[in-house]
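Chemist: Below: sequence and its predicted model.
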Amino acid sequence: MKRELLKFLAFSVFVLLLPLLFEGGYLMNVLVFVGINTMLAIALNLLLGYAGQISLGHAGFFGLGAYLSGVLTATYGWNPWQAMPVAAIVVGCMAYLIGFPVLKLKGHYLAMATLGLGIIIYIVFNETIDLTGGPSGLSGIPNLEAGGVVFDSDVKNYYLIWGITLAVILFAINLANSRVGRALRAVHDSEVAAQVVGVNARLLKVQIFALSAVISSLAGSLYAHTMTFISPASFGFNFSVELLTMVVIGGLGSVYGSFLGAALLTLLPEFLRAAQDYDIIIYGGLLVVMVMFMPGGLVRGVPDLFRRIFKSRGGAGHA
Amino acid sequence: MLEVSGITQIFGGVTALEDVSFRVNRGDITGVIGPNGAGKTTLFNIITGIYTQTSGKVVFEDKDISGLPPEKLARLAMVRTFQNIELFGGMTVHENVMVGMHTKSSSGLLSCALKMPWSISEERRIRNDSMKWLEFTGITDLAEVEAANLPFGKGRLLEIARALAVEPRIILMDEPAAGLNSQETLGLAQLIKRIRDLGITIVLVEHDMELVMDICDRIVVLNLGRKLAEGTPREIQENPEVIAAYLGDDD
């Protein structure tokens, strides 16, 4: 546990000092999205990497958080700090209720059901034009404000978003190393054995599904308040797949892996501007390559690779 | 302590069990034997809540437990092990046993994630107390090994250690000696007797006749889904029907 804490502190220092390298600039804006995507990847990883339950609809929960926050503040004049928790609670309750029937399904069927859920939510964003503005989006969402500081610049947003992201990281690490985290992994490895030793697998799966939705909703709200404009296109099926790719590339069942996956998939498009139309092909290719050659994700695969290179060099030296 | 009465299980058109009744006395080691396909594992799956029987009932400590799911049975202090050991492969040996203490701890999702003081002290208690069961089964030195990497015999011991961590009053073992070599089987016999000495009632399905005759206080014989006989090992060995239907075929 001490090692976990040191790792977290080192990571926090890294996050706090990173902006000094860039002095504002466009990349700061991208790094804000790395933070939001890290939260989303962790949310999905708790479900997929720990509990072993897939979701292809997480962009929907992300979108619900964004739209609930957006509509409550822009249309009804709520304070964003009130809108965010209300959105999270509403989304959490919804996921909890949906979770009971949906999480009875396993494997492909669960993937299909959550896929359908994501698509329904997406259609609602598009069709309820009076409420959401439909395909042309919702604008005029206020920035967050605290103690007279309005979070309206990339640097301010960076510290806001990453402050919350670090809290989510710590939350997830604590959970993973607790009796509940162990029970989740137990359900993943052998559901029947987990039940036999007293784990209520069904309830636990629903709880983690709801928690995952709450974190996604929170990320959505933060997204809405930093962007000040949202449209359904950001919350479609493609983004659910992108989230899944982040989790798998980073490493299933690893919190820092989720950060690596989110960072890679958020930064990559910036360097691949020319190949923009082919991004989904590149993601698909990455996913295939990772699953084939680094099934443990970057977080385990890269150290392994170094170890192997180091070993083969050491071996050659002796020979 | 455990009373099975009139259990019938029909799968599609096949009758796997027909009107099976027997009792298990507190503190005994009870063996359930019978040729392949006799319905032993089906019976276990019904008692332990994996299947729900077509008819009949199971009473445990004066409580009707028919149809209760396994996680509820764990809270009533009934636990089982599996023929093809079911471990949490991605977790260490120690963590496997820690999961066994799930019903002996109560911190919820939020108090774990927020590291509330009570969940920290509970976590420490789980970590320490679980070691006791590693010591009891003699796998302390493997504590940090990932369960998927254990040899089969050690995996069997881990599954038993994890079951003991539930602090059961009854433990049902489905072919605990399957896949073990003769040395390991001897060790297992000793372990099962030591578990009984803790005051835990044991029911086991087993094919290893030597083991069954050695450690069991009472034996129930199933054949073709029906109870053929019930009694002490000596009575069973001398029962002509059992010899004809089962032991006789071996010779």
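Modeler: Yep, it's here.
Chemist: neighbours around the closest residue to residue A:75 other than its chain neighbours, how many?
Modeler: Spatial nearest neighbour of residue A:75, chain neighbours left out: residue A:131 (7.6 Å); criterion: C-beta to C-beta, 6 or more residues apart in numbering or on different chains. In short, each C-beta sits where N, CA and C put it, glycine included. Residues lying near residue A:131 (other C-beta atoms under 10 Å in any protein chain shown) number 14.
Chemist: now do residue B:236
Modeler: Residues near residue B:236, counting by other C-beta under 10 Å: 25.
Chemist: can you check the one 4 residues further on too?
Modeler: Number of residues near residue B:240 (other C-beta under 10 Å) recorded here: 9.
Chemist: which ones are touching it?
Modeler: Contacts for residue B:240 (C-beta atoms under 8 Å, 6 or more residues apart in numbering or on different chains) come out as none.
Chemist: For chain A, see how far away it is.
Modeler: When distance is defined by C-beta to the nearest C-beta, to the nearest Å, residue B:240 is 38 Å away from chain A.
Chemist: how near is that residue to residue B:18?
Modeler: Using C-beta to C-beta, to the nearest Å, residue B:240 is found at 22 Å from residue B:18.
Chemist: show me what contacts the closest residue to chain A within the stretch 151-251 of chain B?
Modeler: Among all residues of the stretch 151-251 of chain B, residue B:166 sits closest to chain A, at 5.4 Å; criterion: C-beta to the nearest C-beta. Residues in contact with residue B:166 (C-beta under 8 Å, 6+ apart) are A:197, A:198, B:74, B:77, B:79, B:100, B:101, B:102, B:103, B:104.
Chemist: And residue A:70, by the same measure?
Modeler: Residues in contact with residue A:70 (C-beta under 8 Å, 6+ apart) are A:132, A:138, A:141, A:224, A:230.
Chemist: and chain A, which of its residues are near chain B?
Modeler: Neighbours of chain B within chain A, by C-beta under 8 Å from any C-beta of the partner chain: A:171-172, A:174-175, A:178-183, A:185-186, A:188-190, A:192-201, A:207-208, A:211, A:253.
Chemist: Show me which of those residues are buried.
Modeler: The neighbour-count test (16 or more other C-beta atoms under 10 Å in any protein chain shown) marks A:171-172, A:174-175, A:178-183, A:185-186, A:188-190, A:193-201, A:207-208, A:211, A:253 as buried among the residues of chain A next to chain B.
Chemist: any residues touching stretch A:14-21, and which ones?
Modeler: Residues outside stretch A:14-21 that contact it (C-beta under 8 Å, 6+ apart) are A:28, A:31, A:155, A:158, A:159, A:162, A:165, A:166.
Chemist: And that stretch, what's buried?
Modeler: For stretch A:14-21, a neighbour-count test (16+ other C-beta under 10 Å) marks A:15, A:19 as buried.
Chemist: centre of the chain versus it, how much separation?
Modeler: In terms of C-alpha atoms, centre = their mean, to the nearest Å, the centre of stretch A:14-21 is set 21 Å apart from its chain centre.
Chemist: returning to that earlier point: so which of the buried ones among the residues of chain A next to chain B sit within helices?
Modeler: Assigned to helices by DSSP state H, the following of those qualify: A:171-172, A:174-175, A:179-183, A:185-186, A:188-189, A:193-196, A:201, A:207-208, A:211.
Chemist: On the pLDDT front, check residue A:28 for me.
Modeler: pLDDT, residue A:28: 87.
Chemist: Okay, and which of the contacts of residue B:166 map to helices?
Modeler: Short answer: the contacts of residue B:166 in helices (DSSP H) are B:74, B:100.
Chemist: By neighbour count, which of the contacts of residue B:166 wins?
Modeler: Counting by other C-beta under 10 Å, top hit in the contacts of residue B:166: residue B:100 with 30 neighbours.
Chemist: who in the stretch 1-150 of chain B is up against chain A?
Modeler: Residues of the stretch 1-150 of chain B lying close to chain A (C-beta under 8 Å from any C-beta) are B:48, B:50, B:69-71, B:73-75, B:79-80, B:82, B:86-91, B:95, B:98-103, B:105, B:107-109, B:112-115, B:119, B:122-123, B:126.
Chemist: No more questions from me, cheers.
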